[in-house]
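Chemist: Attaching a predicted model along with its sequence, questions to come.
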Amino acid sequence: MKCTQYFLSTRQRADRACIEFVIQHPAQELIQQDGRIRRWASISEANGKYLRVVLLPDGETVHNAFF
């Protein structure tokens with residue numbers, strides 16, 4: 001998984017599998033005006049909370065991820 005430096009410096013996450021799941025199986029997707037892509041999916045390991053992943057316009061580089 002490719003990530004921005006911002007993501008690497010602020011979000012060294014242990015739940016990368018959940019991020020990959022959201023990227024590959026989003027429940028919803030929204031493209032922002034700046035071209036970044038927001039994807040959401042419910043994560044059963046987090047009691048059904050939704051994880052939002054923000055991708056760069058290339059659709060594969062993770063910029064941010066948070067519940």
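Modeler: Arrived safely, thanks for sending. Residues are numbered from 1 along each chain as shown.

Chemist: For the longest helix belonging to the chain, what is the distance to the chain centroid?
Modeler: In the chain, ranked by residue count with DSSP state H as the criterion, the top helix is helix 16-24. Distance, stretch centre to chain centre, for helix 16-24: 7 Å (CA atoms, centre = their mean, to the nearest Å).

Chemist: just the CA coordinates of that helix, formatted as PDB?
Modeler: Included here for helix 16-24 are C-alpha records, laid out as PDB according to Å, rounded to 0.1, in the frame of the first residue of the first chain:
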ATOM      1  CA  ARG A  16      -3.700  -1.900   7.800                       C
ATOM      2  CA  ALA A  17      -5.900  -4.900   6.900                       C
ATOM      3  CA  CYS A  18      -9.000  -2.800   7.800                       C
ATOM      4  CA  ILE A  19      -7.700   0.100   5.600                       C
ATOM      5  CA  GLU A  20      -7.100  -2.300   2.700                       C
ATOM      6  CA  PHE A  21     -10.700  -3.700   3.200                       C
ATOM      7  CA  VAL A  22     -12.200  -0.200   3.000                       C
ATOM      8  CA  ILE A  23     -10.100   0.600  -0.200                       C
ATOM      9  CA  GLN A  24     -11.300  -2.600  -1.900                       C
END
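
Chemist: Pull out the buried residues from that helix.
Modeler: Of the residues in helix 16-24, 18, 19, 21, 22, 23 count as buried by neighbour count, 16 or more other CB atoms under 10 Å. In this view, the C-beta of every residue, glycine as well, is placed from N, C-alpha and C.

Chemist: Closest one of those residues to residue 58?
Modeler: For those, the residue nearest residue 58 by CB to CB is residue 23; the value is 11.8 Å.

Chemist: if I read this right, residue 35 contacts residue 57, doesn't it?
Modeler: Yes - contact between residue 35 and residue 57 holds when scored by CB atoms under 8 Å: they sit 3.6 Å apart.

Chemist: Sweet, I'm off.
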